[in-house]
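J.: Fold the following and give me the result.
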Amino acid sequence: MPSTQVTPTQTHAWASFLAGAIHNGLDPTLVTQWLTVLADATGSPALPSLASMPLADYVNLRLSAILAGLETTTHAPYLAGWHLRIEPELGRIPLRLITTALVTAAVFGWIADGCSRSTIKNTLAMLSRTFEQAIVDGILDRNPAHITGWQHQFQQAEDELRDPRTLALRDWDALIELADALIEASYN
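T.: Residues are numbered from 1 along each chain as shown. Next up, the predicted model:
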């Protein structure tokens, strides 16, 4: 086993991997050394197959752990957030490559698509629980779903829907100057 701290889930995954290697005739000492070198190289005690796993595959594998402890009435909105927003947007990306910037861009896209505040909260909660489970499993060091500023963006989108004229250019002369510049810059 790697020298870094491991969880019971990781221990089980390593033991299963080692048992399969022994079953295939490999020397358990050499396999353990190889796995230790891989864990040290990746900086994680997680199996390489877990560390490079796309988000969708990870959620399919660990869904029961992700939803553990939640009221059953919460499952439906969280799973809707997963199937309708998270999976199509981020599902193909490996867990370790998902950044706070990607999550923020996804949330801003959901706001632009007209999702309600509670829908976005439930979707973010599902995403956050997924990343927290990945931390427990030793795949991630931090939760990239901890984002700020999305409520302000949501409020701005609501304001623009209530009063679309706020987006208009207020200075008529500036609008004429802009139109003339565009005409002059265009070909023929």
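
J.: going forward, measure contacts and count neighbours with C-alpha atoms only.
T.: Fine.

J.: ranges for the helices of the chain?
T.: 8-23, 28-42, 48-51, 55-67, 72-81, 87-90, 100-112, 117-136, 150-162, 172-185 (DSSP state H).

J.: Can you pull out the low-pLDDT segments for this structure?
T.: Across the chain, the stretches falling below the confidence threshold (pLDDT under 70) are 1-15, 17-18, 28, 30-51, 150, 152-169.

J.: now do 80
T.: 1-52, 138, 148-172, 187-188 (pLDDT under 80).

J.: ok, Leu55 to Thr130 distance?
T.: According to CA to CA, to the nearest Å, Leu55 and Thr130 sit 9 Å apart.

J.: which residues are in contact with both of those two?
T.: Common neighbours of Leu55 and Thr130, counting by CA atoms under 8 Å, 6 or more residues apart in numbering, are absent.

J.: For Ile120, give its distance to Leu178.
T.: 37 Å.

J.: more neighbours, those two?
T.: Residue environment comparison for Ile120 versus Leu178 gives the larger neighbour count to Ile120, 21 against 12, counting by other CA atoms under 10 Å.

J.: residues near Ile66, how many?
T.: By other CA under 10 Å, the residues close to Ile66 number 20.

J.: Kindly report the same for the one 5 residues further on.
T.: Other residues within reach of Glu71 by the criterion other CA under 10 Å amount to 8.
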